[in-house]
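**Q** 3D, please:
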Amino acid sequence: MRFFTDADIGAVLGWAELIQAIEQIMVEPEATAPARTFHTVPDGNGNDAAFLLKPGWVAGEIIGVKAVTVFPDNGEQGLPMVQAGVLLFDGVTGSLVGACEANTLTTRRTAAASAVAAKRLARTGASRLLVVGTGALAPMAIQAHAHVRDFDTVQVWGRNPAKAAVVAEEVAVHGLTVDVVTDLDAAVAGADVISCVTGATEPIVRGALVKPGCHVDLIGGFSHEMREADDDVVRRASVFVDTYDDAAIAGDIAQPLASGILTPADLLADLTELVAGEHPGRRDDDEVTLFKSAGTALEDLAAARLAVG
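**A** Predicted structure coming up:
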């Protein structure tokens, strides 16, 4: 049995390989991801944390399960809000073959999944990327999106400009120049791709400002209460999801479904259908597209399988 640290994972998960691995597993006939389980856990300080279990397997090859904790107050202690680990088992014998720290794995596979969608939903000529948020996902989202589109301008916005500057510095070592912006509305109005990686519970991207042809990538929200884009974004956009069941739990989809702004039929395709070509993706250069990522165990399994080798 082999153990992989976050540093090990970061060293082996290149963007091209990871994007390809996710595309591959999405269309593997033997790949299965049952519904995740979600539990509320008291954190000992009078607050609620979350504990999630996300299983998946490729029959006859590999079985994996990711355990995730979400402790919203961790930022005050200098710790990630979301932490995780993955266990891998042989798909023939059931033997434990590997274990991974999964903080880096999670941020990388999440960003890579959005890049898989953006390959099919963002305009080919998209030149301006805006990343909204400054957490661990922000630099990953910049790198992943920049791998599938050739941006002239990359911007990052955060409520704390100093944290946004740290994100810009982090991706600079990878050869990407990122501008910190303080006027979010102006940045939204000029963006060809908007990637949101926040824990917002109130919409921060306004659909009235989104220009024709924009692709909106919503990553941060995972619970019913969380919301990154307003109803006008949803009304204007062609809506796609990574998985129907998990995305329907997240506020950016769940709330419009509950209010009637969206119907299940308005969810045009999931990531598997996009990768398989069952839906063509973007139809024209004026279409506004929206991809809601909630995370699927198959993305975790693809990343872990690639890392373990």
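**Q** how about the closest residue to C214 other than its chain neighbours, what does it touch?
**A** Once flanking residues are discounted, C214 sits nearest to V288: 5.5 Å by Cβ to Cβ, 6 or more residues apart in numbering. C-betas here are computed from N, CA, C, even on glycine. Neighbour list for V288: V210, P212, G213, C214, H215, V216, V233, R236, A237, S238 [criterion: Cβ atoms under 8 Å, 6 or more residues apart in numbering].
**Q** for V288, give its distance to G133.
**A** 20 Å (Cβ to Cβ, to the nearest Å).
**Q** stretch 55-65: which residues count as buried?
**A** In terms of neighbour count (16 or more other Cβ atoms under 10 Å), stretch 55-65 has its buried residues at P55, G56, W57, V58, I62, I63, G64, V65.
**Q** could those be laid out in JSON lines, adding secondary structure?
**A** Shown next, in JSON lines, are these (DSSP: H, G, I helix; E, B strand; the rest coil):
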{"residue": "P55", "secondary structure": "strand"}
{"residue": "G56", "secondary structure": "strand"}
{"residue": "W57", "secondary structure": "strand"}
{"residue": "V58", "secondary structure": "strand"}
{"residue": "I62", "secondary structure": "strand"}
{"residue": "I63", "secondary structure": "strand"}
{"residue": "G64", "secondary structure": "strand"}
{"residue": "V65", "secondary structure": "strand"}
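**Q** pull the most distant pair out of the residues you listed.
**A** Pairwise distances across those (Cβ to Cβ) peak at 13.4 Å, for the pair V58 and V65.
**Q** overlap in contacts, these two.
**A** With Cβ under 8 Å, 6+ apart, V58 and V65 have no common neighbours.
**Q** flag every buried residue along stretch 284-303.
**A** 287-303.
**Q** got the end-to-end distance for that stretch?
**A** 32 Å (Cα to Cα, to the nearest Å).
**Q** alright, that wraps it up for me.
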